[in-house]
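Peer 1: Sharing a model that was predicted from the sequence below.
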Amino acid sequence: MRGFSLIGRILVLTVVVVGCVSVLGLAFVIQERIASSHQRYHQEARSFIIALTPMLQNALVVGDLAVVQQTFDQLVREESLRRVALLDSASRRMIVESVDAPGGNGAVPARAPPPGWFAAVLEAEAYDLFEEKPIELAGIDYGTLRVEMSNAPLQARLWAVTKRFFMVGSFGLLLIVAALGAALRRGLAPLQLLTQGARRMEDGNLQTRIPPIASPEIAVVGEAFNDMADRVLAREAELKEAHALADGAARAKAAFLATMSHEIRTPMNGIIGLTDLTLLTPLSDEQRGYLQLVKSSAGNLLVILNDILDYSKIDAGKLTLEAVPVNPREMVPQILALFASRANDRGLVMRAELDPRLPERLIADPVRLRQILSNLVSNAVKFTERGHVLLRIELLDGGAAEARVRFEVEDTGIGIAPEKVRHVVEPFVQADDSTTRMYGGTGLGLAICTNLIRLMGGELGVDSIPGVGSRFGFTLLLPLAPPVAAAPATPTRAATPTPASDGTRRILVAEDSPVNQALIRAILGKSGYGFVIVEDGQAAVDACTAERYDLILMDMQMPNLDGLAATACIREAEARAGGRHIPIVALTANAFDEDRQRCLKAGMDDFLAKPFHKDALLAIIQRNLPPA
């Protein structure tokens, strides 16, 4: 019944009910016919006995049983009798008997005989269709006369009645079903409208409405449906408006973060760069100490800024992971070296445990994996006063295509209370306020690690005992990188830049910030490069047209013409003239990945985010300068 419609279910139920009632009615009619027929058959049997008795007297008196047999046989052949017999009254022994043979009048009624199953049902009702009467003459008992009536005519009549009943009943049932179906279709049409409306609503057509319905009961449902559709439509409009506002807020937030990143990184570039340059000059111990504090404070501010930017990208779902070969064995010493000085100052032992089965090349994002492990090691060093910090990488299992690797950072630090463990991975949360005051930090590091690990398909776990230490760990399923064929040895270019006095190494710098101009001027001047500094993109385009340069350092945000547009103009000019390709390196405070992609798409060759150190600038220059 589940696959039937409502109308189909009602019609099936109607057929079943009417059929059951009809069968019961037929059974009642048949029973009444059988009862009335039994009364008539008993009366006929008694009439036969009354008529036979005088006919048999003479034959019985003289003992002529042959005449009695002939009389019985003739009577059975001509009448609807099944059996006529003369029984001994005392012993019930058969004296004379005549039975209707198959094909006789009793077995072949005027109507067609019923099927066997029908006759078998009615045969059970014929057990008492007989009458008996003793025959006495002059006080002498000659036996008992028994006359049994044949029920074949009754069966034929009842079968004819049954056939008529079923034919008329079937035709009537068809008429009932047809009329009821038409009535149901008319009556349930409003429900079908509701069903169709609900399906259209489910498919997303929120403009669906139910037209006015004549039936008052269903009209209430239709009005409720229309009211619900109006509310859903209004709610969707509200959600769209809220979504638009949220998108606008997200775009405004992204623009604000990008602007703030640029505005903060630009002066920080001057602070860090000029501090580095000043530290290279003769200074007193007091001056050097002050400048080291300035450099450390700027570095801490940069870490906070990077954390905020990373978390904002993760929160906005804009952070994407690279999938490149990485060697964890090479990464671990680099990470430990970053914190070796701080660990030595605290008297901590820093150790690494690397599984010897660990593959040398795995597919992962090396920058983000290094960021996660560096953050965990940094926290371990920060919150450990004595003891050790251990970085462990273990191969849990692996196959021909991938490896399951466990990363853990263990310390003997202050530990975390059990009720605080699950909160430390939330943004801006540390174990308690005293931790922030004592050790510093924004509480973003572990939140960033947690989200980065989830992007990689893992989950950060924490085991900690207050006063004993903590263990932070996660498991990643990483694909194996294909082996690399040994490359032929190539001569290594000298790291020391060629002085500009020979006129062959000239660098064009497009930078509008006076502080950054002074920083770059000092770095390039002390490194022996020849250079020209211009203040906007249009001036950079004009300079490239007027003179030949080996490399261009291009800021992105400048007046008149920004770095991207200036790069496009330079590349177009190169294409028209068919000249050589001038390497262009972006120097920008826009540190987002999408900014890097925009630079590369515009035709730039490399990217260096501000603030940068002197060594980083010189390295990227050396990497991109064409051979002399």
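Peer 2: Here it is on my side, so go on. Residues are numbered from 1 along each chain as shown.

Peer 1: CA only for contacts and neighbour counts going forward, please
Peer 2: Will do.

Peer 1: which stretches of the stretch 351-500 of the chain have low pLDDT?
Peer 2: Scanning the stretch 351-500 of the chain with the threshold set as pLDDT under 70 gives 423, 425-443, 484-500.

Peer 1: can you give me the strands for it?
Peer 2: Using DSSP state E, counting those that start in this stretch, the strands of the stretch 351-500 of the chain run over 362-364, 388-398, 402-411, 461-465, 469-479.

Peer 1: got those strands as CSV, with distance to residue 95 and mean neighbour count columns?
Peer 2: Listed next are those as CSV, based on distance: least, Cα to Cα, whole Å; neighbours: other Cα atoms under 10 Å:
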stretch, distance to residue 95, mean neighbour count
strand 362-364, 113, 22
strand 388-398, 105, 19
strand 402-411, 106, 20
strand 461-465, 109, 17
strand 469-479, 106, 20
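
Peer 1: Out of the ones you listed, flag the one nearest residue 342.
Peer 2: Ranking the strands of the stretch 351-500 of the chain by proximity to residue 342 (Cα to Cα) places strand 388-398 first, at 11.8 Å.

Peer 1: Contacts for the closest one next, please.
Peer 2: 332, 348-355, 357-358, 377, 380-381, 403-412 (Cα atoms under 8 Å, 6 or more residues apart in numbering).

Peer 1: same question, stretch 67-75
Peer 2: Here stretch 67-75 has contacts from 56, 59, 60, 81, 84, 85, 96, 97, 98, 99, using Cα under 8 Å, 6+ apart.

Peer 1: burial of the last one, as a residue count?
Peer 2: For residue 99, the tally of surrounding residues (other Cα atoms under 10 Å) stands at 17.

Peer 1: Any chance of a markdown table for the strands of the stretch 351-500 of the chain, columns distance to residue 52?
Peer 2: Shown next, in a markdown table, are the strands of the stretch 351-500 of the chain (distance: least, Cα to Cα, whole Å):
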| stretch | distance to residue 52 |
| --- | --- |
| strand 362-364 | 117 |
| strand 388-398 | 110 |
| strand 402-411 | 110 |
| strand 461-465 | 113 |
| strand 469-479 | 110 |
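
Peer 1: do you know which of the ones you listed lies nearest residue 370?
Peer 2: Checking the strands of the stretch 351-500 of the chain against residue 370 by Cα to Cα gives strand 362-364 as the closest, at 10.4 Å.

Peer 1: Which elements pack onto that closest one?
Peer 2: Packing contacts for strand 362-364, counted by 3 or more Cα pairs under 8 Å, 6 or more residues apart in numbering; DSSP states H and E, involve strand 324-326, strand 469-479.

Peer 1: Tell me the strands beside the longest one, with direction?
Peer 2: Based on DSSP bridges, the strands next to strand 469-479 in the sheet, each with its direction, are strand 402-411 (antiparallel), strand 461-465 (antiparallel).

Peer 1: Residues in contact with the last one: which ones?
Peer 2: This means strand 461-465. 415, 416, 417, 418, 421, 470, 471, 472, 473, 474.

Peer 1: What of stretch 361-377?
Peer 2: Stretch 361-377 has contacts (Cα under 8 Å, 6+ apart) with 321-328, 331, 335-336, 339, 389, 391, 409, 445-446, 449, 452-453, 472, 478-483.

Peer 1: Buried residues of that stretch, list them for me.
Peer 2: For stretch 361-377, burial by neighbour count (16 or more other Cα atoms under 10 Å) applies to 361-366, 368-377.

Peer 1: Looking at those, which are in helices?
Peer 2: Members of those lying in helices (criterion: DSSP state H): 366, 368, 369, 370, 371, 372, 373, 374, 375, 376, 377.

Peer 1: from the residues you listed, which is closest to residue 225?
Peer 2: When these are compared for distance to residue 225 (Cα to Cα), residue 368 wins out at 52.4 Å.

Peer 1: Return the distance of that closest one relative to residue 343.
Peer 2: Plainly put, residue 368 is 23 Å away from residue 343 if you go by Cα to Cα, to the nearest Å.

Peer 1: now swap in residue 286 and tell me
Peer 2: Noted for residue 286: a distance of 25 Å to residue 343, by Cα to Cα.

Peer 1: quick one, which of those two is more surrounded?
Peer 2: Neighbour count, other Cα under 10 Å: between residue 286 and residue 343, residue 343 has more, with 23 against 9.

Peer 1: tell me the contacts of the more buried one?
Peer 2: Per Cα under 8 Å, 6+ apart, neighbours of residue 343: 349, 350, 381.

Peer 1: Find the nearest non-adjacent residue to the first one, please.
Peer 2: Taking Cα to Cα, 6 or more residues apart in numbering as the measure, residue 349 lies nearest to residue 388, with 4.5 Å between them; neighbours along the chain are not counted.

Peer 1: Next, residue 231: secondary structure please.
Peer 2: At residue 231, secondary structure determined by DSSP: H, G, I helix; E, B strand; the rest coil is helix.

Peer 1: What pLDDT is listed against it?
Peer 2: Among the per-residue scores, residue 231 shows a pLDDT of 84.

Peer 1: Could you list the domains of this protein?
Peer 2: The record's domain parsing of the chain by automatic domain parsing lists 6-176, 325-479, 500-624.

Peer 1: Generate a markdown table for the ones you listed, with distance to residue 230 as supplementary columns.
Peer 2: Formatted as a markdown table, the domains of the chain follow (distance: least, Cα to Cα, whole Å):
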| stretch | distance to residue 230 |
| --- | --- |
| domain 6-176 | 28 |
| domain 325-479 | 40 |
| domain 500-624 | 42 |
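
Peer 1: so which of those domains comes closest to residue 248?
Peer 2: Closest to residue 248 of the domains of the chain, according to Cα to Cα: domain 500-624, at 18.7 Å.
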